[in-house]
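Novice: This is a predicted model, with the sequence first.
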Amino acid sequence: MKLIQTILAVGVFSVSAAAFATAVCDGKAAGTKPVTAQADNAGFIINDFQMKCSANVALEYTEDGTASVAVGAVSVKGNRMFGGSSEGGAVRDLEACADKVCTIEESVTAAEKAAGSGS
């Protein structure tokens, strides 16, 4: 019984760990930022690459090892969230940010919405 509980706990931890968003662009200066694949190839992204970020863009992504990757982005000078996933196509307008101007944290919300919506 304890073995089953341990396996379930590890499985739940693994799933919830994959659900966290990973920051790529911080909403500040433009430039190239590294996106690093998980060392054990447990993520959807299997090769490291450089992401080119525009100034004022906050971008986060989530990945689940077997099925998909989702990305969410906002302009810290704009008021809309955008996101998309590998499970359904193009990046699309998700909704307005809570205030007149988006925050960096709302890029996490956008990535989560994109992951859950099959954008």
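Specialist: Yes, it's here. Numbers count the residues shown, from 1 in each chain.

Novice: Just the strands from this protein, written as ranges.
Specialist: Here the chain has its strands, by DSSP state E, at 22-26, 31-35, 49-53, 57-63, 69-75, 80-85, 92-96.

Novice: How far away from the center of its chain is the fifth one?
Specialist: Put plainly, it is strand 69-75. From the chain centre to the centre of strand 69-75 is a distance of 6 Å (CA atoms, centre = their mean, to the nearest Å).

Novice: ok and that strand relative to strand 49-53, angle-wise?
Specialist: Angle, strand 69-75 to strand 49-53, by axes from the mean of the first three to the mean of the last three CA atoms, to 10 degrees: 20 degrees.

Novice: Quick check: neighbours of strand 69-75 in the sheet, parallel or antiparallel?
Specialist: Paired strands of strand 69-75, with direction, are strand 57-63 (antiparallel), strand 80-85 (antiparallel) (DSSP bridges).

Novice: Chain neighbours aside, what residue packs nearest to Cys102?
Specialist: The shortest distance from Cys102 to any residue other than its chain neighbours is 3.7 Å, reached at Val74 (CB to CB, 6 or more residues apart in numbering). In this view, the C-beta of every residue, glycine as well, is placed from N, C-alpha and C.

Novice: beta partners of that neighbour?
Specialist: Here Val74, judged by DSSP bridges, has bridge partners Ala58, Met81.

Novice: shouldn't Thr103 be in contact with Ala110?
Specialist: No. Thr103 lies out of contact with Ala110 (CB atoms under 8 Å); the separation is 11.0 Å.

Novice: shared neighbours of these two, anything?
Specialist: Shared contacts of Thr103 and Ala110, defined by CB atoms under 8 Å, 6 or more residues apart in numbering, are found at Val74.

Novice: Of those two, give the one with the bigger neighbour count.
Specialist: Ala110 (30 against 15; other CB atoms under 10 Å).

Novice: Name the spans of the protein whose pLDDT lies under the cut-off.
Specialist: Low-confidence segments of the chain (pLDDT under 70): 1-19, 65-67, 89, 117-119.
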